[in-house]
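> What follows is a predicted protein model with its sequence.
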Amino acid sequence: MKQSRRGVLKGMTAAVLSAALPQTRARTGANSDKRDKLDKLIAESIVIDDLCEFKPNVNTGDNEFIPARNSGITIAAPTIGSVVAEESYQSSLTGLAQLNAGINKHSDRVLMISKFSDIEKAKQDSRIGILPAFQNSTAIGTDLSRLDLFYGLGVRQIQLTHNLRNWVGDGCTERTQAGLTHFGVALVRRMNELGVIVDVGHSGYQTTLDAIDISTKPIVFSHTNCMALCKHPRNKTDEQIKALAAKGGVMGISNFNWFVSDNPASTLDDLLDHFDYVINLVGPDHVGIGSDFELTGYPGVDGDLMWQEHLRIYSAQEQLTLKVRWPPYIEEVDNEKRYKTIARGLLSRGHSEEVVRKILGLNYQRVFKEILEV
């Protein structure tokens, strides 16, 4: 029987569709497998963000815990208190009181990280571990007994300086770059004795090198990037990164737009370049994540109250030196999915699951084991 032209075309179309469907299903299945594999990787990993602004208080609602749980984060290290010298002592006491009250109220969901074993406990209990941190040591002033006080209140990580000079040493935006003062040396030594993580994320060039040299324990660059890829005063040189690695430390890669590239808007690829650079320079055991953002991303739009507060803490000279610009975030990681996004990007660049697990948290966990009480 002779087929009509329409019938022939219909048959050809069906054949083409039939041939294409298995491939489409295969592609869909492959994508699903990749998603499942990534979800499994995150679920099984210890995920540590060494500067993540998630700190529950008594008013934290149930809906705020959902994105935190979905992010896969195990340990968040939020900033306690103000970095402004005149405000730091009182604001740190107030902040710690509020944090402790929030953790006590939500103890079924969050856990204060006071000792190393708490990290595994948080993971096993499906709770979010909170590692209280200072982004400036000015709350201590020149009184080492205050360090003991804050340790007793839960502080386990202290950044020696913010951008400006303090009693400890020079920050990254100072005109001069002197190293640690005598008091700074004493502070680092007491932090080693107590079991407080030494952080020099914002510290100046020589202060950073001095802290690495003086400390008897590994230290961290909690949230910074590579000077070789972005010439910014907040970033670290190859010399500093190599010195950190030689002492066993970890560098947390910041997601902050200004530190990642000189482009108006840095991209995920720009960010991943920093992970690759550190790995190629010193190996995969010395790099982690220090996003420097709220867990759920930067809220609001240009001119919102949080942005204005951010600018308030920087002097006009600091803003100029730091190349402050809007937006501060990188679009692809400005949300609670950032750890999955970074992991996916690293895997797509050929890094093994073992390396990705180290970057997600195992590297920090190794360092914390050497410092925190067991």
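Sure, I can see it.
> ok, now which ones touch the most centrally placed residue in the chain?
Nearest residue to the geometric centre of the chain (C-alpha atoms, centre = their mean): residue 290, 1.5 Å. By C-beta atoms under 8 Å, 6 or more residues apart in numbering, the contact set of residue 290 is 49-51, 77, 201, 221-224, 252-254. All C-beta atoms are positioned from the backbone trio N, CA, C, and that covers glycine.
> Likewise for residue 64?
Counted by C-beta under 8 Å, 6+ apart, residue 64 has contacts residue 56.
> in what helix or strand does it lie?
Element membership of residue 64 [criterion: DSSP states H and E] is helix 62-71.
> Please apply the same query to residue 231.
Using DSSP H and E, residue 231 sits in no helix or strand.
> That one - how many residues pack around it?
Residue 231: 10 surrounding residues under other C-beta atoms under 10 Å.
> nearest residue to it other than its sequence neighbours?
Among residues not flanking residue 231 along the chain, residue 262 sits closest, at 7.6 Å (C-beta to C-beta, 6 or more residues apart in numbering).
> how far away is that neighbour from residue 230?
When distance is defined by C-beta to C-beta, to the nearest Å, residue 262 is 6 Å away from residue 230.
> what do you get for residue 166?
Distance from residue 166 to residue 230, by C-beta to C-beta: 25 Å.
> Which one's more surrounded, these two?
residue 166 (24 against 20).
> quick one on the thing from earlier: check contacts around the residue nearest to residue 231.
For residue 262, the contacting residues are 230-231, 323, by C-beta under 8 Å, 6+ apart.
> what's the answer for residue 95, then?
Contacts for residue 95 (C-beta under 8 Å, 6+ apart) come out as 80-81.
> So it: helix, strand or coil?
Three-state call for residue 95 (DSSP: H, G, I helix; E, B strand; the rest coil): helix.
> Residue 325 now?
Relying on three-state DSSP, one would call residue 325 coil.
> who touches the residue lying closest to it once chain neighbours are set aside in this structure?
Closest residue to residue 325 apart from its sequence neighbours, by C-beta to C-beta, 6+ apart: residue 258 at 6.3 Å. By C-beta under 8 Å, 6+ apart, the residues touching residue 258 are 232, 234, 322-325, 328.
> Tell me the one among the residues you listed nearest to residue 134.
Within the contacts of residue 258, the smallest distance to residue 134 is 17.4 Å, found for residue 234 (C-beta to C-beta).
> That closest one contacts residue 200, doesn't it?
No: Residue 234 is beyond contact range of residue 200, at 11.3 Å (criterion: C-beta atoms under 8 Å).
> Could you check which of those two has the larger neighbour count?
With neighbours defined as other C-beta under 10 Å, residue 234 and residue 200 compare such that residue 200 has more, 30 against 23.
> just to revisit the earlier point, check which residues of the helix holding residue 64 are buried.
Buried residues in helix 62-71, counted by 16 or more other C-beta atoms under 10 Å: 65, 67-68, 71.
> Can I get these in CSV including distance to residue 58?
Below are the buried residues of helix 62-71 laid out as CSV (distance: C-beta to C-beta, whole Å):
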residue, distance to residue 58
65, 14
67, 19
68, 16
71, 22
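> now, the most widely separated pair of those?
So, the buried residues of helix 62-71 by C-beta to C-beta: farthest apart are 65 and 71, at 10.5 Å.
> Spit out the residues that contact the two alike.
Counting by C-beta under 8 Å, 6+ apart, no residue touches both residue 65 and residue 71.
> Closest to residue 271 out of the contacts of residue 262?
Closest to residue 271, out of all of these and judged by C-beta to C-beta, is residue 230, at 10.5 Å.
> Excluding covalently adjacent residues, which one is nearest to that closest one?
residue 261 (5.4 Å).
> And the one you found, how far from residue 275?
Separation of residue 261 from residue 275 (C-beta to C-beta) stands at 14 Å.
> just the strands in the stretch 201-350 of the chain please.
220-224, 250-253, 287-289 (DSSP state E, counting those that start in this stretch).
> To residue 32, which of those strands lies closest?
Distance to residue 32, taken as C-beta to C-beta, is lowest for strand 287-289 among those, at 26.2 Å.
> Off-centre distance for that closest one?
Strand 287-289 sits 7 Å away from the centroid of its parent chain (C-alpha atoms, centre = their mean, to the nearest Å).
> who does that strand touch, helix- and strand-wise?
strand 48-49, strand 250-253, helix 268-282, helix 338-348, helix 363-371 (3 or more C-beta pairs under 8 Å, 6 or more residues apart in numbering; DSSP states H and E).
> buried residues in stretch 235-254?
235-236, 240-241, 243-245, 247, 249-254.
> Would you convert these into TSV that also reports pLDDT and distance to residue 295?
Formatted as TSV, the buried residues of stretch 235-254 follow (pLDDT from 0 to 100; distance: C-beta to C-beta, whole Å):
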residue	pLDDT	distance to residue 295
235	98	24
236	98	25
240	98	28
241	98	27
243	98	31
244	98	26
245	98	28
247	98	30
249	98	24
250	98	20
251	98	21
252	98	15
253	98	16
254	98	15
